[in-house]
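K.L.:
sequence first, predicted coordinates after that:
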Amino acid sequence: MNDEAQAIIKQLRQLGTAQNRKVWARHGAPETYLGVSFAQLEKIKQKLVHEYKATPEKQHTLALALWATEVCDAQLLAAVLADPQCLSKAQAKRMLRPVTFYLILNYLGGLFARAPFA
């Protein structure tokens, strides 16, 4: 995991709440869910998109690093950060294989639908 992904994971751990973990556990969230609200994830996404606006490849690389952490919240963030134009079929298959939580599947579906191979 690169330094930037580590910093984001640290931020996600600080933003997660027990209440969010409890609610989403009832909906099948994996144990790796930290409990970050969707509003907070959106704020982080907007900040990162603004920072990487000129370099979609770097943004995509960060998304793949976040995905590799296997932290549910980071994977949700990765699915909206990944650049569909940079996404390969092999990357898509690797991302899809381990997923069992419907919410992540929903986000991945949006990403894959915009990819050139779709």
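P.N.:
That came in fine, so what should we check first? Just so it is clear, the model here is predicted, and its values are computed rather than measured.

K.L.:
pLDDT below threshold where in the chain?
P.N.:
Along the chain, segments meeting pLDDT under 70 span 54.

K.L.:
go again with 90.
P.N.:
For the chain, the stretches with pLDDT under 90 are 1-2, 49-56, 98, 100, 118.

K.L.:
so who does Leu64 touch?
P.N.:
Ala78, Ala82, Gln91 (CB atoms under 8 Å, 6 or more residues apart in numbering). From N, CA and C alone the C-beta is placed, and that goes for glycine too.

K.L.:
at 7 Å what do you get?
P.N.:
Taking CB atoms under 7 Å, 6 or more residues apart in numbering, we find Leu64 in contact with Gln91.

K.L.:
what do you get for Asp83?
P.N.:
Here Asp83 is in contact with Pro56, Gln59, His60 (CB under 7 Å, 6+ apart).

K.L.:
what kind of secondary structure is it in?
P.N.:
Under the three-state scheme (DSSP: H, G, I helix; E, B strand; the rest coil), Asp83 adopts coil.

K.L.:
which element is Ala29 on?
P.N.:
Following DSSP states H and E, one finds Ala29 outside all helices and strands.

K.L.:
other SSEs contacting whichever strand or helix holds Lys45?
P.N.:
When elements are assigned from DSSP H and E, Lys45 belongs to helix 38-51. Secondary-structure packing of helix 38-51 (3 or more CB pairs under 7 Å, 6 or more residues apart in numbering; DSSP states H and E): helix 72-81.

K.L.:
rerun at 8 Å
P.N.:
helix 3-15, helix 56-68, helix 72-81 (3 or more CB pairs under 8 Å, 6 or more residues apart in numbering; DSSP states H and E).

K.L.:
show me what contacts the closest residue to Leu48 other than its chain neighbours?
P.N.:
Leaving out its chain neighbours, the residue that sits closest to Leu48 by CB to CB, 6 or more residues apart in numbering is Leu81, at 6.0 Å. Shown in contact with Leu81 (CB under 8 Å, 6+ apart): Lys45, Leu48, Val49, Gln59, His60, Leu62, Ala63, Leu66.
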